Each structure stands twice: as structure tokens, then as C-alpha cells.
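# Predicted model and sequence below, questions to follow.
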Amino acid sequence: MSKTNASQIRMLCPAKLNLFLELCKRRDDGYHDIDTVMVAIDLVDELQIRVRQQPGISLQVDWLPSRHELSCQLGVEPSSKAATGADDQGDPSLAPESAASLLDIPCDERNLVWRAAEAAVKHFGLDLGFEITLGKRIPAGAGMGGASSNAAMTLLAIATLVGRQGDLDSLHGLAADIGSDVPFFLRLPPVPDPAGTAPAGTRNGSENSAASISPVAWATGRGEVLQPVPIGGRLNFVIVYPAIALSTARIYQGATVPDSPISSAPLRKSLQTLAISEIGQFMENRLTEPARKIASRIDEIHESMWQSGLKGVQLTGSGSASFGIADTPKSAGSAAVTLRQQLCPGARVMTACSLPPPAQTQT
Ligand SMILES: C[C@](O)(CO)[C@H](O)COP(=O)(O)OP(=O)(O)OC[C@H]1O[C@@H](n2ccc(N)nc2=O)[C@H](O)[C@@H]1O
Ligand SMILES: Nc1ncnc2c1ncn2[C@@H]1O[C@H](COP(=O)(O)OP(=O)(O)OP(=O)(O)O)[C@@H](O)[C@H]1O
């Protein structure tokens, strides 16, 4: 198949936060069965895909608003080496990256966007090529699912460009092959585009018609078995990303599966009423212990976040980023100002909101 319905498409790729993450079982295939609740937030990467008639993929990646600004916030020279937070002499693929290298996102087959594009070309039997540009805002190795979100939106974008966006169930299989977090992003409601800056002739990828009805999902299995979780409104977050990237494989490797895993059910229930202190009470992340053993700065960051008045402070995913919940956007803003004074340079402090449920998107 080589016919497309449009020549280019622009997609917003949201980050996620894990409000709850429990380890249920270590599996024989190297993964863990987990019980996790993920929420998509309005911190987004920007993906643009242009069809070209010659087969092949090209990928360009830049930081938004700029690599220079990010390196200033993190307190590193764009080309310098910085503290990794751990002395690691072991397997380099499991080591935390240096602050300089975490600004270097690969532009080849190591990038999940590239892998997703290749998988889509094969799946749809295309003899087309794709010119892809990716603007990154989501920190790397943060546990915020940036690469996974980019991969999911690449699958959706190419499916939309070739008129196969209704094929969501088979895309789900491709997504799960790329990574455990990828299917979550595939099923999200449309991401509103506040800028609305797509060039003329560009399709907007927010037309995901087969999307879930909630920006929150309960994920089980290794993370690919998904159910939407109703949420009574939007949550306000403050996120702190230290200048360190943590390897997901390494963090899982250092984790202990509890004898009696706890359930996300009370947390999921509390999301319906949006009572922040109740939500905070039921939050958990079982990957915290192995992450703080490698990146001891996480303890100091959590202490500052609690003191700034945030609730439910915890690590997201396998880290290195942590987040807390604020009562209002204004109190999130005030906490972020305080945290920047204490932690920056040397960390990036961001405010974000959970994505609106679809009904609110349309108003
Ligand atoms: C920590 C989370 O982000 C929470 O949402 C995810 O569980 C990680 O998802 P991901 O980054 O897509 O991870 P994958 O690329 O699938 O797996 C990376 C590595 O993490 C470990 N891994 C991942 C998911 C899982 N349920 N159990 C695991 O033990 C495995 O060693 C795996 O080789
Ligand atoms: N599109 C991409 N964006 C960012 N990093 C990518 C991408 N593709 C591959 N990578 C590589 O993968 C590493 C980790 O990616 P990512 O930032 O998504 O991890 P994470 O924050 O730990 O996510 P997760 O929550 O899924 O575990 C990066 O350090 C980078 O080298």
C-alpha cells in the first residue's frame, strides 16, 4: 500500500505520571506483573511526520524551547559531563546516564520513534518513506514515558496518514512490542493543542476516534492491559526532574516484590471525587526504594516538595522525576517558585495538569 490521505501530520505526545505502582509478580520473561495507575498530563513533545515517496526514515530531534535553556536549568554545560548520582562500574546499559548525555536523544534506530515508524511501515506494507521531526519537552530517563508516548503517536500518525487509524487493536500489539508503556499512550483521548500552530495542509493527530474515555488508565499485566479510570476533574501537579536519567531495567532489577502486594482500587475510587488528601493517602510507588538507592538526591527533593505544601509526593515510574499534587493551579505555581529557589540549577521544576476528560476538551 502506498497511498496516503494527507502529506503531513502533527501530533502532541503527552507525558505520564504513575499515581500508583505496585509489583505483583516477577515473571519468567524478565518482566514484572504490575498494578499501576497512569495519568496523562499536558507536558507534551511535538511530533511532525511528512510523507515522502522514497522509502526510508529520517529523524531530527531538538529540545524545546532550546537545548541551551534546558542545560541552564539542569546546571550543566550542553557538552560537559556531570554527576550521575552513582558510581557505577557495572553493565553500561543499566547505568544512569550523565547529565550531558541525557540531553543527547538518539536520532537513529535507537529512538523509539524510528522503531515505531519501521514497525508501521512493515505492518501496513508501505513503500513510502517518512521525514520526522521531534521537539522534546519531556525529560529523558525520568519515568515520564516520553519515548513511549513518541512511539505511540508515531504509530497513530502513520496509521492516520495511510487511512488505517481504525486499526487500533492491531496497533496495540505493535505498541506492546515496542515497550510496556506504549499502549497506554495509544488509547488516550485527543490531546488539545493550545498553540494550534499546524501549517496549512497538515492533519492534526488529535482526531483519534478510537480513544479511551479518560486520560487516566489502570494498567496490569506488564503494563499493556488497560482499563480507563473515571476522574472527577483535573489534577494539578508540580514535577521535579533532577539532572540524572535512570534506567528502567536497572530499577526493576533492584526492586523487591512484596509478599502481599497492595491494590490500586482505593486510589482509583478516590479519583472519582478528586479529594486531594484522600488521593495522596492511597498513592504508592514500589520502585521508590531501588531508585533512591541509586539517586540519593531523590530523598532531598522529596523533603523539599513536602515542605512546599504539595501532597502525595512520590517518584513517577522508575524515576528519576518526582511529583506532588497541589490543590489549585495557583498553589502549584507558588510551590514551583519555592522549589526553583531551593533546587535550581541542578533540577528542572515544572507545573502540569492532567489532560481534560474528552467532554471538557470540547467546551
Ligand atoms: C516503570 C514504568 O514506566 C511504569 O509505567 C513501566 O513499567 C516501564 O515501561 P517501559 O519503559 O515501556 O519498559 P519496557 O521497555 O517494556 O521494559 C524495560 C525493562 O524494564 C523491566 N520491566 C518493564 C516493565 C515491567 N512491567 N516489568 C519489568 O520488569 C524489564 O527489565 C524490561 O526489560
Ligand atoms: N523518542 C525518544 N525520546 C527520548 N528518549 C528516547 C527516545 N527514544 C529513545 N530514547 C532513549 O531512551 C531513554 C529513556 O527514554 P524515556 O525518557 O522515555 O525513559 P523513561 O522516562 O524512563 O520512560 P518510562 O517511564 O517509559 O520508563 C533515553 O535516555 C534515550 O536514550
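That came through, no problem. Ligands and ions are numbered 1, 2, ... in the order given.

# By average pLDDT, which secondary structure element in the protein comes out worst?
In the chain, the helix or strand scored least confidently by mean pLDDT, DSSP states H and E is strand 202-204, which has a mean of 53.

# Need the CA coordinates for the helix or strand following that one. CSV is fine.
Beyond strand 202-204 on the C-terminal side, the first helix or strand identified by DSSP states H and E is strand 216-220. C-alpha atoms of strand 216-220 as CSV (Å, rounded to 0.1, in the frame of the first residue of the first chain):
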residue,chain,number,x,y,z
VAL,A,216,-6.3,8.0,33.4
ALA,A,217,-5.8,4.3,33.0
TRP,A,218,-5.4,1.3,35.2
ALA,A,219,-2.7,-0.9,33.7
THR,A,220,-2.0,-4.5,34.6
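
# what's the angle from the longest strand anywhere in the chain to strand 216-220?
For the chain, the longest strand by residue count, based on DSSP state E, is strand 32-52. With axes from the mean of the first three to the mean of the last three C-alpha atoms, to 10 degrees defining the directions, strand 32-52 sits at 120 degrees from strand 216-220.

# Check the offset of the very next helix or strand once past strand 32-52 from the chain's centre.
Downstream of strand 32-52, the first helix or strand assigned by DSSP H and E is strand 56-63. A distance of 19 Å separates the C-alpha centroid of strand 56-63 from that of its chain, computed with C-alpha atoms, centre = their mean, to the nearest Å.

# and strand 56-63, which residues are buried?
57, 59, 61, 63 (16 or more other C-beta atoms under 10 Å). Where C-beta positions appear, they are placed from N, C-alpha and C, glycine not excepted.

# if you look at it, does any of it touch ligand 2?
No: no part of strand 56-63 sits near ligand 2 under the criterion C-beta under 6 Å from any ligand atom; the closest distance found is 7.1 Å.

# Can you tell me which helices and strands that strand packs against?
When contacts are defined as 3 or more C-beta pairs under 8 Å, 6 or more residues apart in numbering; DSSP states H and E, strand 56-63 sits against helix 112-124, strand 129-136.

# now these in CSV, with distance to ligand 1?
As requested, these are exported to CSV (distance: least, C-beta to the nearest ligand atom, whole Å):
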stretch, distance to ligand 1
helix 112-124, 9
strand 129-136, 16
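
# returning to what we had before: quickly name whichever of the buried residues of strand 56-63 is closest to residue 34.
Of all those, residue 61 has the smallest distance to residue 34: 29.1 Å, by C-beta to C-beta.

# so how far is residue 15 from the closest one?
Plainly put, residue 61 is 16 Å away from residue 15 if you go by C-beta to C-beta, to the nearest Å.

# Which residue ranges of the stretch 51-200 of the chain form helices?
For the stretch 51-200 of the chain, applying DSSP state H, counting those that start in this stretch gives helices covering 67-74, 112-124, 146-161, 168-178, 182-186.

# Pick out the shakiest of those, pLDDT-wise.
Looking over the helices of the stretch 51-200 of the chain, mean pLDDT reaches its minimum on helix 67-74, with a mean of 90.

# Could you list every helix and strand in contact with it?
strand 347-353.

# let's see it at 10 Å
Where contact means 3 or more C-beta pairs under 10 Å, 6 or more residues apart in numbering; DSSP states H and E, helix 67-74 is packed against strand 56-63, strand 236-242, strand 347-353.

# My reading is that residue 30 lies in a helix. Confirm?
No: in this structure, residue 30 is coil, not part of a helix, as judged by DSSP: H, G, I helix; E, B strand; the rest coil.

# Is it correct that it is in contact with residue 249?
Yes: counting by C-beta atoms under 10 Å, residue 30 does reach residue 249; the two are 8.5 Å apart.

# who has more neighbours, these two?
Neighbour totals were compared for residue 30 and residue 249, and residue 249 leads with 13 against 10 (other C-beta atoms under 10 Å).

# give me phi/psi at the more buried one?
phi -60, psi -40 (degrees, to the nearest 10).

# Hmm, residue 318 and it touching each other?
Yes: if you go by C-beta under 10 Å, residue 249 and residue 318 touch, sitting 8.6 Å apart.

# Those residues of the chain touching ligand 1, which are they?
18, 21, 30-32, 34, 36, 38, 143, 145, 148, 179-181, 222-223, 248-249, 252, 317-318.
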